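Participant: return a 3D structure for these sequence lines:
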Amino acid sequence: MEEEKTENLFAGLPAPSSVCQSDQTRKHNTNPNGKPLAMPKPVEVPKGALKRDKRPATQEENHTEAGEKEASKRVRFKTTVDASTKQVVDAMQKIASHIANPAKFSKASKLALQLVQAGSVNTETCDHFFEILQAAMSSPSSCHDPSLRADYHELFSAVQDILDCFNKQRQKQLETWIIRAEVGNDLFTDDSFVFSKASGRVRQAIGSLPEASHGDDIVEETMVSCREGQDGNIENPETVGDERTQESENHSEKQDLPIVEEVETDPFGLDALFLKSSKKDEKARKRRDEAASSKKLQDDAGRLLREHREALIECLNIAAGRYKIPWAQTMIDILVKHAHDNISRFTAQQRDAIEKLWASVREQQLRRKQGRSAAGKLDVTAFERLQEQYANEKISIRRAVGGSGERRTQQWLG
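Facilitator: As a prediction, the model looks like this:
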């Protein structure tokens, strides 16, 4: 009885947690029949199995590996030039000596283009690179040669990226060359969008020109007379220039002779007494030098302006030569009209050329309004052209249908 009472004391109490956990583990580790399950042993992985097996390479992988090895063995050209300034200058001098030759221009221009793309043209080497461009444009008409247009266009389009390396005077010169070599060659294109863009650049350049003065007309007349003198009509200006230079040299020598005599005939050092006169002479020399330099700058500015106007007139002539192309006629009309509206910005002879262009363009416009083409013929449609062609043709009905003259044929012909 006492044992039963002790057992009933814990009858209503919950079982301990350890006992519950042990019971749950027993339930999981026992079969439905109540037999304990055998615990699986951990699988021991050998160390060699942890390494990746070397699977056999496929044919594609072998081919790619072989291609990579061959590519590594190939010669790779550098896009940048790892050379000193002296080497770059020597290269530029060699290019400048060959680029004036039309037969060697293509190769020389590509070498110059590589120098630009490699960043070798900077403030230290820009003077030598300008000599290359100057030699390339020694004959301005050569940039429109059909065999050299693409090379000139590529070279001077790359020059626009390095304009900041040059001073203002040379930038103006380069702008004139760019109009000739790039914009002028764009007017030879068959692409209407490129032609329109080039004509717009020409109009913009014409609008930026200053008004032509009477002095510009006088300079142009003297330039024309000098060209005629080279042909033998008047005295050759080169000989005149040589005589003038000789006279100026003799005059300068005469002026320098007293100074040399004073230095030689002053053994006692009496020049210290004439310091004031020497200072005045130095000031006068400085003034003369400044006046000569300013005059030279003015002459260079006038020359650049003349070349700029001539380049624009050349672009107008190239565009007028493309007037036979139907899609270019409207753009050429607008371009020539803009030049005629700004005719006061050109010199006398250039104004005459623009007047002739404007007259020809107006004549072409009248012909188009009357239904005539640029060649003077009436504009007809394709149907009208074929109708006129077959109106005079002799076509045999029997030959067209058949020469046997069958009854079906006669019935078909009616």
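
Participant: when you work out contacts or count neighbours from here on, use the C-alpha atoms and nothing else.
Facilitator: Fine.

Participant: how about the helices in the stretch 251-400 of the chain?
Facilitator: Taking DSSP state H, counting those that start in this stretch as the test, the helices found in the stretch 251-400 of the chain are 275-321, 329-341, 348-369, 382-391, 397-401.

Participant: show me which of those has the highest average neighbour count.
Facilitator: Comparing the helices of the stretch 251-400 of the chain on average neighbours per residue, with mean count of other C-alpha atoms under 10 Å, the densest one is helix 329-341 at a mean of 18.

Participant: alpha carbons only: can I get it in PDB?
Facilitator: C-alpha atoms of helix 329-341 as PDB (Å, rounded to 0.1, in the frame of the first residue of the first chain):
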ATOM      1  CA  GLN A 329      20.500  72.300-106.500                       C
ATOM      2  CA  THR A 330      18.500  73.800-103.700                       C
ATOM      3  CA  MET A 331      21.500  73.900-101.300                       C
ATOM      4  CA  ILE A 332      23.700  75.500-104.000                       C
ATOM      5  CA  ASP A 333      21.000  78.100-104.600                       C
ATOM      6  CA  ILE A 334      21.000  79.000-100.900                       C
ATOM      7  CA  LEU A 335      24.800  79.000-100.700                       C
ATOM      8  CA  VAL A 336      25.300  81.300-103.700                       C
ATOM      9  CA  LYS A 337      22.500  83.600-102.600                       C
ATOM     10  CA  HIS A 338      24.100  83.900 -99.200                       C
ATOM     11  CA  ALA A 339      27.500  84.800-100.800                       C
ATOM     12  CA  HIS A 340      25.700  87.400-103.000                       C
ATOM     13  CA  ASP A 341      24.000  88.900-100.000                       C
END
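
Participant: which elements pack onto it?
Facilitator: Packing partners of helix 329-341 (3 or more C-alpha pairs under 8 Å, 6 or more residues apart in numbering; DSSP states H and E): helix 192-207, helix 275-321, helix 348-369.

Participant: what's in contact with it?
Facilitator: For helix 329-341, contacts defined as C-alpha atoms under 8 Å, 6 or more residues apart in numbering pick out 196, 199-200, 202-203, 206, 316, 319-320, 322-323, 354-355, 357-358, 361.

Participant: would JSON lines of the helices and strands packed on helix 329-341 with distance to residue 105 and mean pLDDT be doable?
Facilitator: Formatted as JSON lines, those follow (distance: least, C-alpha to C-alpha, whole Å; pLDDT from 0 to 100):
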{"stretch": "helix 192-207", "distance to residue 105": "24", "mean pLDDT": "94"}
{"stretch": "helix 275-321", "distance to residue 105": "21", "mean pLDDT": "83"}
{"stretch": "helix 348-369", "distance to residue 105": "31", "mean pLDDT": "88"}
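
Participant: mind listing what residue 283 touches?
Facilitator: Counted by C-alpha under 8 Å, 6+ apart, residue 283 has zero contacts.

Participant: try residue 187
Facilitator: Residue 187 sits next to 194, 195, 198, 199, 315, 318, 319 when contact means C-alpha under 8 Å, 6+ apart.

Participant: re earlier: among the helices and strands packed on helix 329-341, which is nearest residue 123?
Facilitator: Distance to residue 123, taken as C-alpha to C-alpha, is lowest for helix 275-321 among the helices and strands packed on helix 329-341, at 21.4 Å.

Participant: any idea of the angle that closest one forms with helix 192-207?
Facilitator: With axes from the mean of the first three to the mean of the last three C-alpha atoms, to 10 degrees applied, the angle from helix 275-321 to helix 192-207 works out at 140 degrees.

Participant: any idea how far the closest residue to residue 180 other than its chain neighbours lies from residue 111?
Facilitator: Of all residues not flanking residue 180 in the chain, residue 311 sits nearest, at 5.8 Å (C-alpha to C-alpha, 6 or more residues apart in numbering). Distance, residue 311 to residue 111, by C-alpha to C-alpha, to the nearest Å: 26 Å.
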